[in-house]
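J.: Starting from these lines, generate the structure:
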Amino acid sequence: MCGDETSWTTLTFAAHNGHEAVAQLLLERDNAGADRSLVFAAESGHEAVVRLLLEWNDVGPGFSEALALATERKHETVVRLSREYKERLSGVILSLNVH
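T.: You can find the predicted model right below:
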């Protein structure tokens, strides 16, 4: 398990335990900890929560760690979702640079 539980937020607990609806409500209130929560959801293999956090688009430095943990734990769908997100993000950045 990543991190020490004293630094967890309500969102990280929801993400780690796969509570998509709770995570959605928390994101709508305050998305503090969304990046770290992605790591916890990916590590645990919670596809729906990973998808939610990626769609929320508040992904920061934790993205690489999340992808690495999902790969290490063989959460294939989470890895695929993460790679697809990365490809979409790369396409957006390229299109911004063109204009």
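J.: quick one: the residue nearest the centre of the chain from residue 64, how far?
T.: Centroid check for the chain by CA atoms, centre = their mean gives residue 38 as the closest residue, at 2.6 Å. When CB to CB, to the nearest Å is applied, the distance between residue 38 and residue 64 equals 10 Å. C-beta coordinates here come from the backbone N, C-alpha and C atoms, glycine included.
J.: Might you report the residue contacts of residue 41?
T.: 15, 16, 18, 23, 49, 50, 53, 66, 78 (CB atoms under 8 Å, 6 or more residues apart in numbering).
J.: go on, residue 79?
T.: 67, 70, 71.
J.: Kindly provide the distance from it to residue 21.
T.: In terms of CB to CB, residue 79 sits 24 Å off from residue 21.
J.: now do residue 44
T.: 16 Å.
J.: what's the answer for residue 40, then?
T.: The value you get for residue 40 to residue 21, if CB to CB is used, is 16 Å.
J.: the more surrounded of the two?
T.: Each of residue 40 and residue 21 has its neighbours counted (other CB atoms under 10 Å); residue 40 has more, 29 against 11.
J.: Quickly note the distance from the residue lying closest to that one once chain neighbours are set aside to residue 61.
T.: Leaving aside its chain neighbours, residue 40 sits nearest to residue 16 (4.0 Å; criterion: CB to CB, 6 or more residues apart in numbering). Computed as CB to CB, the residue 16 to residue 61 distance reads 18 Å.
J.: Now do residue 66, the pLDDT please.
T.: Residue 66 is assigned a predicted lDDT (pLDDT) of 89.
J.: no, scratch that, I was asking about residue 33
T.: Residue 33 is given a pLDDT of 81.
J.: which SS class is residue 60?
T.: Put simply, residue 60 is coil when judged by DSSP: H, G, I helix; E, B strand; the rest coil.
J.: isn't it right next to residue 35, touching?
T.: Yes - using CB atoms under 8 Å, residue 60 is in contact with residue 35, at 4.1 Å.
J.: So which of those two has more stuff around it?
T.: Shown here are residue 60 and residue 35; by other CB under 10 Å, residue 35 has more neighbours (18 against 10).
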